[in-house]
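>>> got a predicted model here, sequence first, then my questions.
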Amino acid sequence: MQEVFSLFPTPVMRIGAVLDEPLLAELCAFLTARSATTNNSSDKLSHTALLRPEDSPLLIEAAQRLTPTLAEFGALLFGERLPWSLKEIWGNVLETNGRQAMHNHANSFISGVAYLTTTHPDARTVFMKSPGGSDFSFKNDHAGVVTGPFNAERWISMDPTPGDVLLFPSYLLHAVPPNPGPRRLTLAFNAIPQRLDSWGYGVTFGG
């Protein structure tokens, strides 16, 4: 008898159709008008400043739809359905041939991407295994290697439909390869729980 166990897996959650078509169209127009900061790794990628609820009623509506998705994913991370809040939210405008370099998100626990437009298959979000750590010092990497969940160094996310949301732990490294398709708009966000408690030692977040 032979058994294989997946120890300590990292969750990534896709939630379909969180944002509907009318809201998507309005958010695309709003973010395009506010996108001004060029990314330092690609002049074909720009961002909005961090957005506030008072900037537009669209953001309030988007936040009302995004926030309920956090508790279920947070329960996977911490074993309890906790109150969560969006810490920050911003827009990304990726033009043809633009890309997003590998990065993660500091000072948060859950990060997410809401896809506002159709994404070219080659420009899907890619997650990377963290370099170093507990990996072996040697690699077996050639044309004959069969890649699986235990030796892969990256995972390419699903083909998202506009309105879908992807949630992942904020520490997880991710990137977007060069986009060969049309303009790709996303709404990115970070979230924190109200409080974490470890046998009486509690930490409260926010301010």
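Nice, I can see it. All figures in this text were calculated on a predicted structure; none of them were measured in a lab.

>>> ok, Leu70 - contacts?
Contacts for Leu70 (C-beta atoms under 8 Å, 6 or more residues apart in numbering) come out as Trp84, Leu86, Ile110, Leu167, Ala191. C-betas here are computed from N, CA, C, even on glycine.

>>> I misspoke; the intended subject was Lys44.
Contacts of Lys44 by C-beta under 8 Å, 6+ apart are Leu94, Glu95, Thr96, Asn97, Gly98, Arg99, Asn179.

>>> so which of those wins on neighbours?
Leu94 (27 neighbours; other C-beta atoms under 10 Å).

>>> who's it bridged to?
Leu45, Arg184 (DSSP bridges).

>>> next up, the contacts around it.
Contacts of Leu94 were listed using C-beta under 8 Å, 6+ apart, and they are Lys44, Leu45, Gln100, Ala123, Val176, Asn179, Arg183, Arg184, Leu185, Thr186.

>>> from Lys87, how far off is it?
Remark: distance between Leu94 and Lys87 (C-beta to C-beta, to the nearest Å) = 23 Å.

>>> and if you look at Val126?
24 Å.

>>> the more surrounded of those two?
Of the pair Val126 and Lys87, Lys87 is the one with more neighbours under other C-beta under 10 Å, namely 19 against 16.

>>> report the buried residues of stretch 6-21.
By neighbour count with 16 or more other C-beta atoms under 10 Å, stretch 6-21 contains the buried residues Val12, Ile15, Val18, Leu19.

>>> these into CSV, with extra columns for distance to Val4, pLDDT and secondary structure?
Output for the buried residues of stretch 6-21, formatted as CSV (distance: C-beta to C-beta, whole Å; pLDDT from 0 to 100; DSSP: H, G, I helix; E, B strand; the rest coil):
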residue, distance to Val4, pLDDT, secondary structure
Val12, 20, 97, coil
Ile15, 29, 97, strand
Val18, 34, 97, coil
Leu19, 38, 97, coil
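
>>> between these, which is closest to Leu172?
Lowest distance from Leu172 to the buried residues of stretch 6-21 (C-beta to C-beta) belongs to Val12, with 7.6 Å.

>>> what's the farthest-apart pair in the contacts of Leu70?
Leu86 and Leu167 (12.0 Å).

>>> between those two, which one's more packed in?
Neighbours were counted for Leu86 and for Leu167 using other C-beta under 10 Å; Leu167 has more, 24 against 19.

>>> give the next helix or strand downstream of the host helix or strand of that one.
Taking DSSP states H and E as the definition, Leu167 sits inside strand 165-169. Heading C-terminal from strand 165-169, the first helix or strand you meet, by DSSP H and E, is strand 173-176.

>>> check which helices and strands that next one sits against.
Contacts defined by 3 or more C-beta pairs under 8 Å, 6 or more residues apart in numbering; DSSP states H and E place strand 173-176 against strand 100-103, strand 126-128.
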